[in-house]
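>>> Sequence first, then the predicted structure, then my questions.
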Amino acid sequence: MSEHDGERAKLSSNKRDHVEAMMLTLRELRELTDRGYRVQRDARGLNDKDMAALGYLSQQWKDQRTVSPRDIAANLGLTSATTTAIIDRLEAEGYLQRRRDTLDRRVVHLTPAPAMEDWVRQHPVESLRASLVDAATHLDCEEARIVQGYFSTVLENIRQRLT
């Protein structure tokens, strides 16, 4: 074995160690986010479908979109009856309000209610986002470019695996 081969093997071993450390860090990140999700869900007396509906609603409202019960059913793959039960619970708990369309009274739009702001603020994804922003502010431009490249590659890889 040449000196060059030994250096390459050492580099590969070193790289494997870094990759393993990255995977452990990402796993811990996911575990903490999952735990935060469960804590918030349980503390609020919600179930996973309620949380999924709130997540969908918060994103739609953030993007300034109007949302109807039919939108929730279609995007979450729920029946009309299940969607109605979820909306009833979320309305009773103060997360949303039903509003009739001014032109067509048969159409119902869902709008955020006060408890929704609190839910968004305390959601684990918001905590993750804030932590990512805090950490990113300490990166120089080259480090940020490398991290962005890594995340872009991971996302593209996931998209390809899902198709």
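Noted; the coordinates are in hand.
>>> quick one, helices of this structure?
3-43, 48-62, 69-76, 80-92, 114-122, 124-136, 141-162 (DSSP state H).
>>> Mind listing what's buried along the fifth one?
With burial defined by 16 or more other Cβ atoms under 10 Å, the residues of helix 114-122 counted as buried are M116, W119, V120. (C-beta placed from N, C-alpha, C; glycine too.)
>>> would you turn those residues into CSV with pLDDT and distance to V39?
Formatted as CSV, the buried residues of helix 114-122 follow (pLDDT from 0 to 100; distance: Cβ to Cβ, whole Å):
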residue, pLDDT, distance to V39
M116, 93, 18
W119, 88, 13
V120, 87, 16
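>>> Just give the closest residue to the residue nearest the centre of the chain, not the sequence neighbours.
The centre of the chain sits closest to V125, judged by Cα atoms, centre = their mean, with a distance of 5.2 Å. Using Cβ to Cβ, 6 or more residues apart in numbering and skipping residues adjacent in sequence, the residue nearest V125 is T33, 7.2 Å away.
>>> for the helices of the chain, which one sits closest to R106?
Closest approach to R106 among these is made by helix 69-76 (11.6 Å; Cβ to Cβ).
>>> for that closest one, what is the average pLDDT?
For helix 69-76, the mean per-residue pLDDT is 97.
>>> The chain - how does it break down into domains?
1-43, 46-113, 123-163 (automatic domain parsing).
>>> who touches stretch 144-152?
A136, L139 (Cβ atoms under 8 Å, 6 or more residues apart in numbering).
>>> quick one on the thing from earlier: lowest-confidence stretch among the domains of the chain?
Of all the domains of the chain, domain 1-43 has the smallest average pLDDT, which comes to a mean of 82.
>>> hang on, D101 packs against V107?
Yes - at 3.7 Å, D101 counts as touching V107 under the criterion of Cβ atoms under 8 Å.
>>> Now for those two: what residues contact both?
Contacts common to D101 and V107, judged by Cβ under 8 Å, 6+ apart, are absent.
>>> and the nearest residue to I87 once chain neighbours are set aside, how far is that from N75?
Of all residues not flanking I87 in the chain, P69 sits nearest, at 5.7 Å (Cβ to Cβ, 6+ apart). Noted for P69: a distance of 11 Å to N75, by Cβ to Cβ, to the nearest Å.
>>> likewise G94?
On the measure of Cβ to Cβ, G94 and N75 end up 22 Å apart.
>>> Repeat that for V147.
To N75, V147 is 30 Å away according to Cβ to Cβ.
>>> before we move on, what about T66?
14 Å.
>>> what about V107, neighbour count?
When counting by other Cβ atoms under 10 Å, one arrives at 14 neighbours for V107.
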